[in-house]
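Student: Take a look and give me a structure for this.
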Amino acid sequence: MYFYFFCEFPAVVKFQGVIFGRVDNSVKFCNLSAPYPLTEICPLSGGENLNFYPDADFLDNPPENLTVTDLKGGYFLRFNKPRNFSEFKIVEQAKFSGATITAFIENGFKLSLETHSGFYAETLAFSPVSARFIRGEGANADLIFALFDCGDKKILHAYSLQSPALLLSINADEFNPAITGFTVTERLRDMAKHVVTHDYRFDGKKIRETGRKVSACDKFDRENLPEKLIPYAFTEEFSCGGDYSFYLADSIKENADKLQSYFGTFLGVTPPPVFRKYDEVGLIYKHAERKYSVEYFSFEIKDKKISNIKKS
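Tutor: Numbers count the residues shown, from 1 in each chain. Below you'll find the model as predicted:
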């Protein structure tokens, strides 16, 4: 079985006590045969080693600091930074009329929200450097917005004050509240460097997207893409809600409304690993907490337009 190892922290990987190599900020690739060897992830900056056998039981039930992606013939193992087990520390707190919201560290990064209607708490799936809280106004009066700065990205959470709960979590490079709703802008790191602006409205129970504007970098020339990059440009455009029909032949455009159910909801696009066909395009799906998989599609190109799509 093929395995890819990646760590968010300085570490080495060992098999049966023998060092295989460093796995921080780069991916180490290997092909292991059953029975699988005892594998160790050894942090170089302190902390406990993680010892495991990369068998089915381990991969089906990854520990808290591991994300497993099934590559259909192999696995990508991403080891995340261990949770901070320092003493209790408040990162940020704000008190509003009828509500108190607190981001704090206690065996991980956590958030609590207390209102007249109840109490809500969660463990954050990311490690913010700082947090800022904003009470909504107008149509957003029953919302509290939390803006988390994680260094390499910014994340927006929107919480309801009535029956306290998390209603929205989204990457947010820009956030603009208004009396009637709010907008969130994402700057994607894809081929076209898309900028996506979402318009949201709160109806008292749910937050709904009411509009979306998608633009690409001026230097991105979709007219002259190499043929092998067309499927990637198309799937990235499709994912963010842009004008993906540009990449389709007329025969496919006729059934474009069926593409959403055909692809489903995917999170990203990836080239195929070495053990898959070179012309496949991988779409990444989330199945459960810390568990993902990749499904592969083949694209037929004619006159620089996609004329057929097949799921592998």
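Student: Leu77 should be in a strand, yeah?
Tutor: Yes - according to DSSP: H, G, I helix; E, B strand; the rest coil, Leu77 belongs to a strand.
Student: you'd agree Leu166 is up against His157?
Tutor: Yes - with contact defined as CB atoms under 8 Å, Leu166 counts as touching His157 (6.0 Å). For every residue, glycine as well, the C-beta is placed using N, CA and C.
Student: Give the next helix or strand downstream of the helix or strand hosting Leu111.
Tutor: In the assignment (DSSP states H and E), Leu111 maps to strand 109-115. Next helix or strand after strand 109-115 toward the C-terminus (DSSP H and E): strand 118-123.
Student: and the very next helix or strand once past that following strand, what does it pack onto?
Tutor: On the C-terminal side of strand 118-123, the nearest following helix or strand under DSSP H and E is strand 130-135. Packing partners of strand 130-135 (3 or more CB pairs under 8 Å, 6 or more residues apart in numbering; DSSP states H and E): strand 89-96, strand 99-105, strand 143-149.
Student: a markdown table for the ones you listed, including mean neighbour count, mean pLDDT and distance to Lys258?
Tutor: Formatted as a markdown table, the helices and strands packed on strand 130-135 follow (neighbours: other CB atoms under 10 Å; pLDDT from 0 to 100; distance: least, CB to CB, whole Å):
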| stretch | mean neighbour count | mean pLDDT | distance to Lys258 |
| --- | --- | --- | --- |
| strand 89-96 | 14 | 95 | 46 |
| strand 99-105 | 19 | 96 | 43 |
| strand 143-149 | 20 | 98 | 36 |
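Student: Format those strands as TSV; extra columns: distance to Asp257.
Tutor: TSV is the format used below for the helices and strands packed on strand 130-135 (distance: least, CB to CB, whole Å):
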stretch	distance to Asp257
strand 89-96	44
strand 99-105	42
strand 143-149	33
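Student: Would you mind saying which of these lies nearest Phe52?
Tutor: Proximity to Phe52 (CB to CB) singles out strand 99-105 among the helices and strands packed on strand 130-135, at 27.0 Å.
Student: now the helices for this protein?
Tutor: Along the chain, the stretches classed as helices by DSSP state H are 56-60, 230-240, 250-253, 259-263.
Student: neighbours around Pro10, how many?
Tutor: 14 (other CB atoms under 10 Å).
Student: go on, Ser239?
Tutor: By other CB under 10 Å, the residues close to Ser239 number 21.
Student: For the closest residue to Tyr120 other than its chain neighbours, give me phi and psi.
Tutor: Sequence neighbours aside, Pro164 is the residue nearest to Tyr120 in space, at 3.6 Å (criterion: CB to CB, 6 or more residues apart in numbering). Per-residue torsions, Pro164: phi -50, psi 130 (degrees, to the nearest 10).
Student: my read: Pro164 touches His116, true?
Tutor: No - using CB under 8 Å, Pro164 is not in contact with His116; the gap is 9.8 Å.
Student: Tell me the spacing between the most centrally placed residue in the chain and Arg276.
Tutor: Nearest to the geometric centre of the chain sits Leu267, at 6.5 Å (CA atoms, centre = their mean). According to CB to CB, to the nearest Å, Leu267 and Arg276 sit 19 Å apart.
Student: likewise Glu295?
Tutor: Glu295 sits 11 Å away from Arg276, taking CB to CB as the criterion.
Student: okay, and the common contacts of the two?
Tutor: Common contacts of Glu295 and Arg276 (CB atoms under 8 Å, 6 or more residues apart in numbering): 72, 282, 312.
Student: Tell me where the model's unsure across the chain.
Tutor: Within the chain, the ranges that satisfy pLDDT under 70 run 82-86.
Student: 90 instead, please
Tutor: 8, 24-26, 45-48, 64-65, 80-88, 106-108, 125-127, 152, 255, 289 (pLDDT under 90).
Student: what's the longest strand in it?
Tutor: If you go by DSSP state E, the chain has its longest strand at strand 291-302.
Student: Quick one: list the elements packing against that one.
Tutor: Strand 291-302 packs on strand 66-70, helix 230-240, strand 280-288, strand 305-311, going by 3+ CB pairs under 8 Å, 6+ apart.
Student: quick one: buried residues of the last one?
Tutor: Think strand 305-311. 305-306, 309 (16 or more other CB atoms under 10 Å).
Student: How about the third one?
Tutor: Using 16+ other CB under 10 Å as the burial criterion, the residues of strand 280-288 that qualify are 280-285.
Student: Among the residues you listed, which pair sits farthest apart?
Tutor: Across the buried residues of strand 280-288 (CB to CB), the longest gap, 15.1 Å, separates Glu280 and Tyr285.
Student: one step back: higher neighbour count, Pro164 and His116?
Tutor: Between Pro164 and His116, counting by other CB under 10 Å, Pro164 is the more crowded of the two (20 against 10).
Student: where's that one relative to Ile90, distance?
Tutor: Using CB to CB, one obtains 19 Å as the distance from Pro164 to Ile90.
Student: returning to that earlier point: Phe220 is nearest to which of the helices and strands packed on strand 291-302?
Tutor: Here helix 230-240 is closest among the helices and strands packed on strand 291-302 (CB to CB), at 8.5 Å.
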